[in-house]
Every structure is written in structure tokens, then in C-alpha cells.
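Chemist: sharing a model that was predicted from the sequence below.
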6 protein chains.
Amino acid sequence: MTSGPHLTHLDATGAANMVDVADKAVTDRVAIAEGAVRMQAETLALILSGNAKKGDVIGTARLAGIMAAKRTHELIPLCHALLLSKVAVEIEPDDALPGLVVRASVRTSGQTGVEMEALTAVSVACLTVYDMAKAVDRGMCIDAVRLIEKSGGRSGHWQGR
Amino acid sequence: MTSGPHLTHLDATGAANMVDVADKAVTDRVAIAEGAVRMQAETLALILSGNAKKGDVIGTARLAGIMAAKRTHELIPLCHALLLSKVAVEIEPDDALPGLVVRASVRTSGQTGVEMEALTAVSVACLTVYDMAKAVDRGMCIDAVRLIEKSGGRSGHWQGR
Amino acid sequence: MTSGPHLTHLDATGAANMVDVADKAVTDRVAIAEGAVRMQAETLALILSGNAKKGDVIGTARLAGIMAAKRTHELIPLCHALLLSKVAVEIEPDDALPGLVVRASVRTSGQTGVEMEALTAVSVACLTVYDMAKAVDRGMCIDAVRLIEKSGGRSGHWQGR
Amino acid sequence: MTSGPHLTHLDATGAANMVDVADKAVTDRVAIAEGAVRMQAETLALILSGNAKKGDVIGTARLAGIMAAKRTHELIPLCHALLLSKVAVEIEPDDALPGLVVRASVRTSGQTGVEMEALTAVSVACLTVYDMAKAVDRGMCIDAVRLIEKSGGRSGHWQGR
Amino acid sequence: MTSGPHLTHLDATGAANMVDVADKAVTDRVAIAEGAVRMQAETLALILSGNAKKGDVIGTARLAGIMAAKRTHELIPLCHALLLSKVAVEIEPDDALPGLVVRASVRTSGQTGVEMEALTAVSVACLTVYDMAKAVDRGMCIDAVRLIEKSGGRSGHWQGR
Amino acid sequence: MTSGPHLTHLDATGAANMVDVADKAVTDRVAIAEGAVRMQAETLALILSGNAKKGDVIGTARLAGIMAAKRTHELIPLCHALLLSKVAVEIEPDDALPGLVVRASVRTSGQTGVEMEALTAVSVACLTVYDMAKAVDRGMCIDAVRLIEKSGGRSGHWQGR
């Protein structure tokens, strides 16, 4: 009805709404998101030394991200439930930040994209890193949580800068 | 046992664990967290024009943040459940970003702090903004999610830079 | 086995059971439900004046209804999980009640109907109205929560009186 | 600040908010709510004959109500989580309706009342009755869900008409 | 890559991961699991006499098992969400144990099996029996929770000893 | 009313009910539960070799158990919600089974015991082991899930055989 861009979650009267996806095609959809937790170099060293021995900060954050992806539709009010065929979360140290870089990729065969699932996985993995290291570094900061790439669906392939 | 800083979520053998809070004092605890969603100026204008009429992007994101705070312990593996006495989420536009700034404050009377609840509220509110505006701006970025201030508990008052 | 009407959720021995839907056709299914919150005229005026400015009682109740629809199978013991393709909740004032009328429509492509999702959305939206206005009017009453119309599936189109 | 009645869930600017209960007294609080499912006389007879043998429609609805009460704060956006010390749900037939009358009583020792928990228990028990009997009577109607009585807290004892 | 047996939930570097099921066929899948609660003969008699009258221990445990099956993917970190077309839980007394034998069968049409859903239903039904009878017999023991049979999917039919 | 043992979850008429704990003392309560996953020796060797490198089967199962303990009241219908002050899950190999032994200890300061939380943590940790190793050994069996010890509350200290 309008020719310019508009917010698909707002109906004609401006009220928030779930978009109707019943007529969208079921296609294979993938989304990749990324984010980072910036911290003091000493904090990163502590996490990695722990990790070298037991892998627990990174391992726990990975699992928290995977589990959160499955519950995205409970957290994001207008998000559709989807059956995810894969969620993968990778966490790598980056001495330059210094900190940890979190990357999630999510795949489904469905009628809506999985951007929110990938972004939720990244966010919750970052929050879990914060939780597990906050006793030594309350000033950690979660940064640059964003979509990196998506494919499938009407809008086709998209890649961030 | 160790004299230097250590990760309280890792036990002596390095395995992830919930910290035992049974012997901590029940005190009034407050935490304030903040974060932002950076977007194109046109996206912000669209959200605000929608907001001027119906308030739905911002209103929906506020509620999502409040509701997520109550479920923090389900998302963050080693986080204790708490009875929150207040959760408030404020979202303000910032033309300089351009984007929206999200601030959450959480209060409880309990044995552990509410930093994670405040950070979770901010993260999920930001994710909800992304969800509701992603159709016009997939390149939005969630930035600077961090603790601003906390009080209560053994560690007393803490304020970020 | 019996020729008269029977309760499909009770098996031959009378124990509660999920109906097996594996052999039902996947069809497009829609259900519309309605209900109302009756209140004092002054309460309605307060809600609407708030609504005229910020829309929050009605906006919050709409979102609560949408989010609850997605969790219907967690609440109703023998209800199947479904992927909903659309949930819409509309809330209109009715001076004659006086009160608010809540209408939910839910759509899916699946093997079971979405009556329960629509009725759950209406019920939780009504409960949320109650919660947000109870400080001024504890005597509010939720009334006439019922199915209005359904289509799709073996039983075809059905319309209430 | 205002002298007349106001909606405590709306802040000064009209935005939805959790009320801060940190300074409320911890008192013993009880709430009793009631509601009904009106149905055809034949449907009630079917449920009761099933009930005479196995009790499953009524038993299932009772459990669904009890379990839902514990999750009220997940469903109602601005509701505080509480530790409930008791939830009881009773369901009685009423030939005059004809239908089932559902009554829930909830008890806690806490800083906020349990009206919403009692009303949620009633609503979900009624929805469960609908779910289990809908195959024989789609026209059932949930009616008169309301607070009957509450005690505890600053507002003291309250009783509905 | 390796020719011997390996753990599909661990990737090449050993980190825990959801298996990608996107390329698996959608087939009709069934799983049957079983388990038992061993108890004192007096406890079993009490449950059964209660059961003769109202069926509540067994009825409650059956419902808890059915409801838990629907939430398996929330509990088991790397488990995929699935739309279950049927969950049935049967509980029978066994004087020889003495105790109760719990059997769950779960059916879906999907890309992964439902073993975990059947095993989760059995486990939670057993835990519920324990909860409801623990006041008279704290020494009860949950035993022999195992998969009995599965069909569908690439691995075809499997039957336990 | 009766002088012999009775099931506290059944009221006078035999219907299932949450026990009213409002008048119980708030005391420090601890419960320890244990269980085992029996498997083929080769399966245990695979898990442990994986564990030697990355710890993921055991680490994932530990986290799943901890997270499940926090949600016990959602799974067990008549269980009260509690604020847990500590949940610890330990998993040790046992060559004699052969298999893994899971032990959970849970602590709270509250009005009801935490037996169900400890037993739920053990059960879900065992289920997670099954999930992660089922591709190589479908015949694994979860055994001997039982309470080992409890303290606190009116019934005082209890220790299993």
C-alpha cells in the first residue's frame, strides 16, 4: 500500500504484529551472526588458562548460546517458532581486542529466516562469558553483535560489510 | 586457596559450577546496565515516527527486556534464580549514533547481585529492536552492552567508566 | 469403536492422552477466538486515556496474548506443539459492557487446529488487562471467552453463534 | 503526585513498568479466584461419566491450573515472580449452567499479592477443559473469571460481590 | 573422516555441537522407552489404593511425562526441537519389583528420532511418582530407564534386549 | 486425621494437591542424589578419550543437570518453586559398571526440601549422556537414580542405604 520502506511488524494502524508467513515458501535458510566480549588482557589470560585445562568458560558459553537459540521465539515477542536443523557456536580469543569473538550459525528449513536465532545465540553466549568472568572484571563490554550473512528466502543472499 | 584473582564459577578442578550463595547476606541490590542499537538515520526516523504515533517498536522492546530479565536464570547456565522487586527498561533515541540507547535497572533483595538480569534485559530489548526493524536495515549493530553501576552485597558500590 | 460422541483425549480405559495426529493432513488452519474484560466505566476511561497518550495497557495486553499463543502447548497438557504462521490480537473498547473486547486470530499450516492457541491468546491478554488495572478495579471480570470461527482440517469450517 | 486513582503499571510518562515492591512488607497473602466453563448438558454428562470412571478431564484441568499458577510471571509481562506456598484448584459440576465451576486458591508469603496467580490457574484450568471436550462441543464458553477474595498486604482484606 | 565409531555430538575439535539434520529425510519416527520406580510393597499398596479411588499418583505422573516430552529440547542441550504427533505414557504396577513400570511411546514425522523425548517422558514420570510418594518412602529408586524400540530414519528399526 | 502413613500430595478426597508449606520453618536444606548410566566399555572409553581432550560429554551433562535443577518446579507438577543457593553436579567414570556415575547436591534456604531438584539434576544429566553417546550405543541404561542424603526441615537428617 505504501511505496517506501516500512516496518513489517507494524500493521496499518501502527500496532505491533507477527508477520503472516503462511504464504512464504519453505526454503533452506542459514544465518551467521557475530559479536565480541571486550575485557582486560588479564581476564582473557585467566579464561584461556582455564580453558587450556578444562575449557569451561568457553564451553559453557557455547552451550548457553546453542540452548538460547532454541528459545528465541519465547524471548523476542514477534518472532516465529522454527525447527532449527543446526546451531553452531564458535568462540575464539582475539588478543587485539582483547577479548573473545563469538560466532553463531543457524540453519533451518522453514518459512522465515533465522537471523534472530543466530543473534540470540551470540548475545546469550556473550552474556554467559560475562557471568563467568564478572568476579574479576566487571567492566567487560559486549560489542558489535550483528548479522554477518544470511541466505534463503525471498530476499536471497545478504552479506554485511 | 589461591591468593590471586580467580574465576569463581570454576571449582578447584576447573569444572563449571554454581557459586554457593547460602552464606551471603540478604541485602538490597541494584544493578544498572546499558547498551545501544546503531542503525541508519532513516531507520531511526522510521522507528520514531512509528513511535510518535503508536510507540510500538520501543514499547515492544521495553516489554521484551522486562520479561527476559525475569528468565535470566533459565538462559545463563550458572546464574541463580532471584525474586526481582523491580525491572525498568528505558529506551531513548540518540541522533549521534544514530540509534537507540537502552538502559535497564533491576532491584532485588537477595543473596546475589542482579547484574546479569540487567544485562539480559538490555540485550533482549536490543535484539527486539533489531527484529522489528530488520526488514529495512539488516546492518544494525548492538554495541556497548555493559554494566553501568551496581550496589549492594559484599563488593559494595561499583560504577563503570 | 463407539458410535456416539466421545472425548478424544480419553483412551479406551479413560486415561488422558494426546491424540495421535500423525495421519492427519497438513492443511492451512485458522481459528478466531474472542473474550471480554468487563470493568467499571471509570476504569475503562482511565485505560483509554492512558491509551490515547501511550497505548500501554492495550499494547501490553496485545503482546502478552501473542507471546502466550506461542506457548500454548506448554500450558495445556495434551495440546500439540505447532509452528504458528500468524498470531494477531486486537483489543477494542466497548462502552456498553463497559470494558474491552479481545479478539485473537491464529493461523498455521499443520496437522491440528489452532483453537487452543487463539483461546489462550485471548485469555492471557484479558489477564494482562486485569493485572494492569487491578489497582483501581479489583472487581473486573473476564467473560465470554469462546471460539468464534475455525477453518481447515477434517471438520472444515465452523462458526459460533 | 496525582490525587485521583491511577494505573500503577504506567509510569509518569505513561510507559508500562513493573511496580517496585522492594519496600512492601513481606506478609502472608491469599487470593481466591473463580470461573466457569459453560457447555451443553450432554457435554457435562460425558465429562462426568468419564470422571466417575477415571477423573481425567477434571483431574487434568486441575493439574494444568496448578502448574500454570507457578508460571504466571512468565505469561503476564509486569507480574513479579513469587514463591507460592500453596496452589489448590477445585472443579465442581453445576447442572444449572450447565458446566463446570473452577475455583483456585493461592497462598504466598511475599511482597506482592497472588491475585494473578489465582486468576491464571482458573483460566488455564478452564482452557484445559475446553481442550479436552472440544471435539464434542466447540461452542463451550469460559465465563465469569474473577477474583473472589484476597487478604494480606497493604490493601487488607477484599471480597467480591 | 574417521572410519571407526565416533560421537556425533562432538565436532572435529571435540567441542559439543548440534548435529546438522537439514539433509536428513523427513520420515515417520517412533520411539518407545521404559523405566521403573522400585519402592516398598507398602508404598505401592498405598499408591494403588489411592489409584483405585482417584487415580491421582499415576494420573499425575502420566501427565507430567507427556508434558515433559514436549519440552525435551529445552532440557537436553543438543537435542533438536520437534513437533510430536503423539506422546503416550502408561504406568503399570509390578508386584515383583515391587513398584511401578513406566512406558512412553512418542511419534513424530521429522528429521530426527524421538528417543530422547520418550526417555525424558519416562524419567519425569518416574520423578513425579517419587515426588508424590516420597513422604512415606524416601528410599525409592528409579531404575532401568532405557530405550526399548525405535523405528524410522536412516538407522531403521532397533530393538533393545 | 488418619493415624497411619498417607500420601501428602493427595487431599481428603484423593485429588492431587500442592502441600501447603506456608507454616513450615525456613531452614537450610541440602539434598544429595545419585544415579548412573551403564554402557558398553567401548562407549565409556570413547567418552573418556573425548573427555581427556575436551571434556564435552561430561561437561555438557553437568551443565544440563545444573540447569534442569533450576526448572524442577516446571516439570514436577506439585513441586514448589525454590531459590536454590547451590547446585553441583559431579560425574565420574566407573569401570566396573561400566559407565558414568552422576551425583548432584543441591542447597537452599527455604520451606521445602530439595530432593526433587537433586533427583532432577541427576536424571537430566544422565539423559544428556545418553543423548550425546546414543549414536554409538543405543542400549545404554539409566540406573539407580535415588536420594542419598538429605538434611534440614522437620524430618531432619536422612541417609539412604
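Modeler: Received, thanks. Numbers count the residues shown, from 1 in each chain, chains lettered A, B, ... in the order given.
Chemist: C-alpha from now on. contacts and neighbour counts both.
Modeler: Fine.
Chemist: tell me the residue of chain A that sits nearest chain B?
Modeler: residue A:143 (4.4 Å; Cα to the nearest Cα).
Chemist: show the contacting residues for that residue.
Modeler: Neighbouring residues of residue A:143 by Cα atoms under 8 Å, 6 or more residues apart in numbering or on different chains: A:35, A:36, A:37, A:38, B:142, B:143, B:144, B:145.
Chemist: over to residue A:76?
Modeler: Taking Cα under 8 Å, 6+ apart, one finds B:64, B:124, B:127, B:128, B:131 in contact with residue A:76.
Chemist: am I right that the fourth one is in contact with residue B:63?
Modeler: No: Residue B:128 is not in contact with residue B:63 according to Cα atoms under 8 Å; the separation is 9.5 Å.
Chemist: what mean pLDDT does stretch A:75-91 have?
Modeler: Averaged over stretch A:75-91, pLDDT sits at 95.
Chemist: so the residue of chain A closest to chain B, which of the three states?
Modeler: Here residue A:143 is recorded as strand under DSSP: H, G, I helix; E, B strand; the rest coil.
Chemist: show me where chain A has its strands.
Modeler: Remark: strands assigned in chain A by DSSP state E are A:27-38, A:84-94, A:99-110, A:141-151, A:158-159.
Chemist: nearest approach to residue E:58 belongs to which of those strands?
Modeler: Residue E:58 lies closest, by Cα to Cα, to one member of the strands of chain A: strand A:84-94, at 34.3 Å.
Chemist: just the buried residues out of the contacts of residue A:143, in ChimeraX syntax.
Modeler: Remark: buried members of the contacts of residue A:143, expressed as a ChimeraX selection using 16 or more other Cα atoms under 10 Å in any protein chain shown:
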select /A:35,36,37,38 /B:142,143,144,145
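Chemist: which of the contacts of residue A:143 sit farthest apart?
Modeler: Greatest spacing in the contacts of residue A:143, by Cα to Cα: A:38 and B:142 (13.7 Å).
Chemist: figure out the length between the terminal residues of stretch A:133-152.
Modeler: Start to finish, the residues bounding stretch A:133-152 are 37 Å apart (Cα to Cα, to the nearest Å).
Chemist: what pairs with residue A:29 across the strands?
Modeler: Beta-bridge pairing for residue A:29 (DSSP bridges): residue A:108.
Chemist: how much space is there between the residue of chain A at minimum distance from chain C and residue F:85?
Modeler: Closest residue of chain A to chain C, Cα to the nearest Cα: residue A:20 (4.6 Å). Separation of residue A:20 from residue F:85 (Cα to Cα): 44 Å.
Chemist: and for residue A:128?
Modeler: 19 Å.
Chemist: kindly report the same for residue A:34.
Modeler: Residue A:34 is 33 Å from residue F:85, by Cα to Cα.
Chemist: and if you look at residue A:47?
Modeler: 24 Å.
Chemist: ok, now residue A:69?
Modeler: 27 Å.
Chemist: again, but for residue A:84
Modeler: 34 Å.
Chemist: and the nearest residue to residue A:90 once chain neighbours are set aside, how many residues sit next to it?
Modeler: Nearest residue to residue A:90 in three dimensions, chain neighbours excluded: residue A:103, at 5.2 Å (Cα to Cα, 6 or more residues apart in numbering or on different chains). Neighbour count for residue A:103, taken as other Cα atoms under 10 Å in any protein chain shown: 27.
Chemist: residue A:103 and residue A:126, how far apart?
Modeler: Between residue A:103 and residue A:126 the distance is 10 Å, computed by Cα to Cα.
Chemist: and the angle from the longest helix along chain A to strand B:141-151?
Modeler: In chain A, assigned by DSSP state H, the helix with the most residues is helix A:115-133. Relative orientation of helix A:115-133 versus strand B:141-151 (axes from the mean of the first three to the mean of the last three Cα atoms, to 10 degrees): 30 degrees.
Chemist: list the buried residues for helix A:115-133?
Modeler: So, applying 16+ other Cα under 10 Å, buried residues of helix A:115-133: A:115-133.
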